[in-house]
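Engineer: take this sequence and fold it.
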Amino acid sequence: MTTPRPPVVVVVLLIAATVLLASPATATRTDYLVERSLKSASDRVVRIFEVHNGGKAEVHSGVAELANGTTYVLSSQFLGVQYLKTPETLTKAQLPAKVQSSLSVALNQSTFDNVTFERIGNGAYRAMLTQDLPYTKYFGMGTDEVWGCGQEVALSGRQFIQCQQANASNPSFNFTMQISSDGFGIRVNIDHVGALSAFRDSVLSAALHRLSHSVMVVDQAIQTDEDTDARRRENRVAVGFLWAFIALAMAFMILYAGVWHTWWGRFPGLTDMSPERGMYLWVLGYVIIITIASILWGLLGYLAVGIWIFFFDLTSALAYVIVQHQRKQMRESNSRVELVRPAGAVQESGEGAGAKNDDDDDVGDLGPGSTPDFHVKPGKLAHFQSQLIQWYLLLFVLTVAVFWTTFFVWGVNNYYVWNRQTQVRDAEFQPQIVAKGVAMMYVFDRAATRLKLNNVFFDLSTQWCGSNFNEKLNTESERRVIYTDWIDKYDIDMSLYDPSDWRDYDSVNAWFIRSIRPEFRPIADKGNERVMLSPADARVIVFKDVPPDQKIWIKSEEFNIPELLGGEALLGADPNQYGSMAIIRLAPQDYHRYHVPISGTLTKQYALSGTLHSVNADGMTSGNLAIYNQRTVSIIQSTHFGNVAFVAVGATCVGSVKMLAKEGDTVTRGDDFGYFQFGGSTIVLLFQKPGAAGAIAFEDDILQHSQQRVETYMYVNTRLGTVVE
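Structural biologist: As a prediction, this is how the structure comes out:
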């Protein structure tokens with residue numbers, strides 16, 4: 001169930017106008033304050049205020065009307081302010097003639113080969129830069145004038161945009177558009193000459209369209225955060241039950257084993273002890289053994305003792321059946337001997353009249369209240385022993401049945417990220433069996449560390465992945481596993497890659513480290529060394545100040561940057577120079593080569609040992625410090641950003657991190673830098689502290705989502721941030 005959303009008001013400061021009346025020295029300023037309520041998804045009240053010299057008066061209040069299912073229209077004097085729910089795609093030739101003639105000036109660019117145009121409102125348009133998603137440029141037309149914003153802006157960002165009159169040699173009309181920092185809104189300042197109405201409707205239409213998109217982004221981020229919390233809560237309930245069933249099954253196996261030990265004989269050294277007390281001592285002994293094994297070796301120790309007990313129980317049950325069968329045969333044989341004894345024959349000494357063979361009653365269990373004879377090993381089962389065995393076996397079987405029923409009925413809900421390219425939230429695909437296994441280990445904070453899974457378990461898993469996925473596939477039928485298990489299951493578009501035919505890859509790992517075609521991942525702002533690139537196709541979360549910002553994600557007081565980089569001894573004169581961080585997480589379905597984010601010289605490169613936790617979202621946010629996994633650190637000395645630390649972090653099933661450049665090399669932004677072999681992996685980028693020379697300003701939309709604990713999926717070679725001037 002969705003958590004009730006607290007009332008939030010999205011305040012949009014929409015138009016500040018300065019009107020020159022008689023001369024440039026006498027100016028009148030008119031502001032419009034637009035408020036849009038977010039109290040509920042169905043209550044989108046828009047209020048518009050005119051503001052003069054700090055005072056405001058409401059001139060419009062109401063819900064934007066949906067006309068013809070596509071166009072939102074404000075009533076009253078703002079009838080001309082319209083924005084489209086779904087933008088209308090246009091070609092350049094379909095734009096108004098006046099706009100076409102002024103387009104180069106309006107958008108501050110000369111070619112439009114990779115541009116898609118959209119009408120977003122009354123006289124308002126945007127240019128979608130298909131080679132630089134998700135960036136766009138706004139432009140529009142007033143009564144007889146064209147205006148344009150030559151500056152790109154991320155669709156879901158709050159960047160400050162400067163726009164101006166486009167078809168005049170000396171532009172007299174300009175304004176700025178920015179989403180305000182005191183609420184998810186837009187501030188538009190308009191400085192103009194002449195009547196405001198000449199530009200008002202188209203500018204307001206563009207601003208309101210951007211507002212509506214921002215509101216949608218906010219809603220999606222809130223919903224994603226709530227879904228992530230709900231997913232974690234639901235998984236904790238299911239996993240809690242599953243671990244409880246495992247503990248119960250172990251308890252019943254121990255009790256079952258205790259009974260069988262008393263069947264085999266008395267507790268060592270305590271020949272006079274009753275079988276009941278002997279059983280309790282065996283149970284206590286097993287509890288002590290399994291506790292010590294768990295402390296020393298974690299879950300593997302627990303499971304090892306459990307497997308031993310299981311086979312002891314199974315062996316004892318089989319031995320009991322065999323002994324009973326043998327004694328039954330012996331008894332039947334003795335009965336046949338009695339039948340053929342000659343009349344009047346005298347029994348051997350020690351067998352008086354009416355004497356009974358010791359084995360006569362060995363078949364079956366002793367009656368109620370009877371005590372087994374411990375001189376016969378293995379002895380008979382007392383009545384209470386027989387009943388306990390039946391009950392413990394029944395309870396064990398029921399517990400195992402409930403465990404597997406719960407495991408297969410339980411479904412792990414989708415984990416969502418924000419797709420920066422498509423501007424929608426995407427479910428990160430993960431096979432259910434994998435999702436459940438990961439949840440078992442990571443849904444409770446630090447559980448994997450407490451269970452000591454960071455030793456043999458992860459090492460064995462990684463070795464298995466390495467041998468299995470590097471195995472040569474010599475025939476098409478063998479290589480089909482690449483298609484069925486990965487391409488089809490994860491819905492991967494192979495047309496992006498070279499080679500594009502899965503039959504051309506001779507192992508799963510060869511396919512996994514496939515190369516992407518450069519035309520599908522062009523380098524943003526080519527040649528601009530003040531722009532930091534994303535090094536991979538990945539899910540990104542950024543932190544402006546570390547600590548304390550990263551605690552919303554890493555969830556550990558123990559994390560610190562010097563330890564991530566191997567300790568102060570490896571960091572030189574200034575071990576605390578880094579303060580901003582980006583965590584770039586790759587999933588199995590991603591392109592697993594990484595590229596150079598900024599040009600420079602590799603002044604240091606070294607490998608660090610560590611664990612091999614999973615680095616998916618559950619693993620990274622579980623407090624197990626998966627960020628300290630085995631990793632390779634490269635320090636890039638750049639011109640504008642100073643030292644940038646590039647940390648390639650391995651993970652479960654990642655046999656190695658392969659670097660294509662070594663210490664002392666010069667690297668160029670956008671070039672291949674290395675690759676991860678099979679498995680999800682992570683890159684950590686570290687930048688100079690905020691306020692220091694070379695500090696980074698992360699892209700606004702990525703930072704927004706990060707502050708709401710939502711990862712942003714973005715492409716390699718796209719803009720991650722810019723240097724703070």
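
Engineer: tell me which stretches of the protein form helices.
Structural biologist: With DSSP state H applied, the chain shows helices at 97-107, 197-264, 275-339, 383-409, 432-442, 447-450, 456-469, 476-482, 488-490, 508-512, 561-564, 617-620, 700-707, listed in chain order.

Engineer: lowest average confidence, helix or strand, in the protein?
Structural biologist: The helix or strand of the chain with the lowest confidence, counting by mean pLDDT, DSSP states H and E, is strand 9-20 at a mean of 33.

Engineer: chain neighbours aside, what residue packs nearest to the residue nearest the centre of the chain?
Structural biologist: Using C-alpha atoms, centre = their mean, the residue of the chain that lies closest to the mean C-alpha position is residue 617, 2.6 Å off. In space, not counting the residues next to it along the chain, residue 617 is nearest to residue 415; the distance is 5.6 Å by C-beta to C-beta, 6 or more residues apart in numbering. For the C-beta atoms, the positions are set from N, CA and C on the backbone; glycine is no exception.

Engineer: do the same with residue 82
Structural biologist: Ranked by C-beta to C-beta, 6+ apart and with sequence neighbours excluded, the top spatial neighbour of residue 82 is residue 122, at 4.1 Å.

Engineer: surely the one you found meets residue 200?
Structural biologist: No: the criterion here is C-beta atoms under 8 Å, and residue 122 misses it with residue 200 at 10.4 Å.

Engineer: thinking again about what came up before, distance-wise, check the residue nearest to the centre of the chain relative to residue 686.
Structural biologist: Between residue 617 and residue 686 the distance is 21 Å, computed by C-beta to C-beta, to the nearest Å.

Engineer: report pLDDT for residue 513.
Structural biologist: Per-residue confidence (pLDDT) for residue 513: 91.

Engineer: neighbours of residue 397, how many?
Structural biologist: 12 (other C-beta atoms under 10 Å).

Engineer: what of residue 475?
Structural biologist: For residue 475, the neighbour count with other C-beta under 10 Å is 8.

Engineer: give me the distance between it and residue 512.
Structural biologist: From residue 475 over to residue 512 (counting by C-beta to C-beta), the distance is 19 Å.

Engineer: endpoint to endpoint, stretch 705-712 covers what distance?
Structural biologist: When the termini of stretch 705-712 are compared using C-alpha to C-alpha, to the nearest Å, they are 7 Å apart.

Engineer: the residue nearest to residue 617 - how many residues pack around it?
Structural biologist: Taking other C-beta under 10 Å as the criterion, the count of residues near residue 415 is 22.

Engineer: report pLDDT for it.
Structural biologist: Predicted confidence (pLDDT) at residue 415: the value is 94.

Engineer: please name the bridge partners of it.
Structural biologist: In this structure, residue 415 bridges to residue 428 when assessed by DSSP bridges.

Engineer: give the contact list for it.
Structural biologist: When the contact criterion is C-beta atoms under 8 Å, 6 or more residues apart in numbering, the partners of residue 415 are 228, 231, 427, 428, 430, 617, 618.

Engineer: likewise residue 504?
Structural biologist: With contacts taken as C-beta under 8 Å, 6+ apart, residue 504 has no neighbouring residues.

Engineer: go on, residue 609?
Structural biologist: With contacts defined as C-beta under 8 Å, 6+ apart, residue 609 is in contact with residue 630.

Engineer: so residue 542 makes contact with residue 697?
Structural biologist: No: taking C-beta under 8 Å as the definition, residue 542 is not a contact partner of residue 697, at 10.5 Å.

Engineer: looking at the two, which has the bigger crowd around it?
Structural biologist: Regarding residue 542 and residue 697, a neighbour count based on other C-beta under 10 Å identifies residue 542 as having more, with 26 against 16.

Engineer: show me the contacts for the more buried one.
Structural biologist: Shown in contact with residue 542 (C-beta under 8 Å, 6+ apart): 580, 581, 582, 583, 698, 702, 703, 706, 720, 721.

Engineer: how close does the first one get to residue 545?
Structural biologist: Taking C-beta to C-beta as the measure, residue 580 and residue 545 are separated by 7 Å.

Engineer: likewise for the third one?
Structural biologist: Noted for residue 582: a distance of 13 Å to residue 545, by C-beta to C-beta.

Engineer: which of the two has more neighbours?
Structural biologist: Just comparing residue 582 and residue 545: by other C-beta under 10 Å the higher neighbour count belongs to residue 582, 24 against 13.

Engineer: who's the more buried one bridged to?
Structural biologist: Under DSSP bridges, the residues paired with residue 582 across the bridge are residue 542, residue 685.

Engineer: these two touch, right, it and residue 540?
Structural biologist: Yes: taking C-beta under 8 Å as the definition, residue 582 is a contact partner of residue 540 at 6.1 Å.

Engineer: now the common contact residues for these two.
Structural biologist: With contacts defined as C-beta under 8 Å, 6+ apart, the residues adjacent to both residue 582 and residue 540 are residue 720.

Engineer: show the pLDDT at residue 269.
Structural biologist: If you check residue 269, the pLDDT there is 57.

Engineer: revised request: answer the last question for residue 589.
Structural biologist: pLDDT, the model's per-residue confidence, is 88 for residue 589.

Engineer: neighbours of it, just the number please.
Structural biologist: Look at residue 589: counted by other C-beta under 10 Å, it has 17 neighbours.
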